[in-house]
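In: predicted model, plus sequence, below.
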Amino acid sequence: MKSANAAEMRQHILDTARPIMLGKGFSAVGLNEILSAAGIPKGSFYHYFGSKEAFGEALLEGYFTGYLERMDELLVRQDGTAAERLMSYWDDWRNDQESDDAACKCLVVKLGAEVCDLSEPMCAVLQDGTERIVARIAECIEAGAADGSLKGIDDAHRTAATLYELWLGATLLDKIGYRRQPLDAAMATTRIILNLPGPL
């Protein structure tokens, strides 16, 4: 099999599996279910991945690659002040969680606790990915200090970590049935933490 075709098929399997994993979790999904949904013959999985754990690592790595690209679009390349760009990121987060599209949901929230108990390599991917997310947020906060749109924040990285933890927790609570309230509360708290009392 040509390497380009193999790479495309590997990506096709990952793209097919992601919404399934978002719906059921990692452990509950069998390889045959993924391969059937992808239209791949049973038994072909190990042509593309060495193990289910390696597949999980690739799934998470792909998720973070796409997520960080989206962050760069919102936090760096979008017009506006750094504060406006940062708030648009949280708006985008909230809109994704309120969407009916499973592909928009947060894979960190869905798989985080589960796979950290199952696999050290997958846990390492999660740790690296979330650290890069926090770093992107911190960079935007620093940009806000530089352009004057964010004031009174002494430690950009600590603030970024606090905000990310706040939104992860709110997303989890939203997921278990509290509907919009946790995300709305997270947005209000974010404005307070960033010293932005009202909508921009």
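Out: Great, that's in hand.
In: need the contact partners of the helix or strand where Ile20 lies.
Out: Applying DSSP states H and E as the criterion places Ile20 in helix 3-24. The contact list for helix 3-24, computed with C-beta atoms under 8 Å, 6 or more residues apart in numbering, reads 29, 33-35, 37-38, 40, 45, 47-49, 55, 58-59, 62-63, 102-103, 105, 107, 110-111. C-beta here means a position set from N, CA and C on the backbone, and glycine is covered the same way.
In: which residues touch stretch 159-172?
Out: 90, 93, 97, 106, 108-109, 130, 133-135, 137-138, 141, 153, 182-183, 185-186, 189-190, 193-194.
In: 7 Å - rerun?
Out: 90, 93, 97, 106, 108-109, 133-134, 137-138, 141, 153, 182-183, 185-186, 189-190, 193 (C-beta atoms under 7 Å, 6 or more residues apart in numbering).
In: pull out the buried members of the contacts of helix 3-24.
Out: Among the contacts of helix 3-24, those classed as buried by 16 or more other C-beta atoms under 10 Å are 29, 34-35, 38, 40, 45, 48-49, 55, 58-59, 62-63, 105, 107, 110-111.
In: tell me which of these fall in strands.
Out: Cross-referencing those against strands under DSSP state E gives no overlap.
In: now the helices: where do they sit in this protein?
Out: Using DSSP state H, the helices found in the chain span residues 3-24, 31-38, 45-48, 52-72, 82-98, 107-118, 120-147, 156-173, 181-193.
In: mean pLDDT lowest where, among those?
Out: Per-segment mean pLDDT for these reaches its minimum on helix 107-118, at a mean of 80.
In: the inter-axis angle of it versus helix 3-24?
Out: 90 degrees (axes from the mean of the first three to the mean of the last three C-alpha atoms, to 10 degrees).
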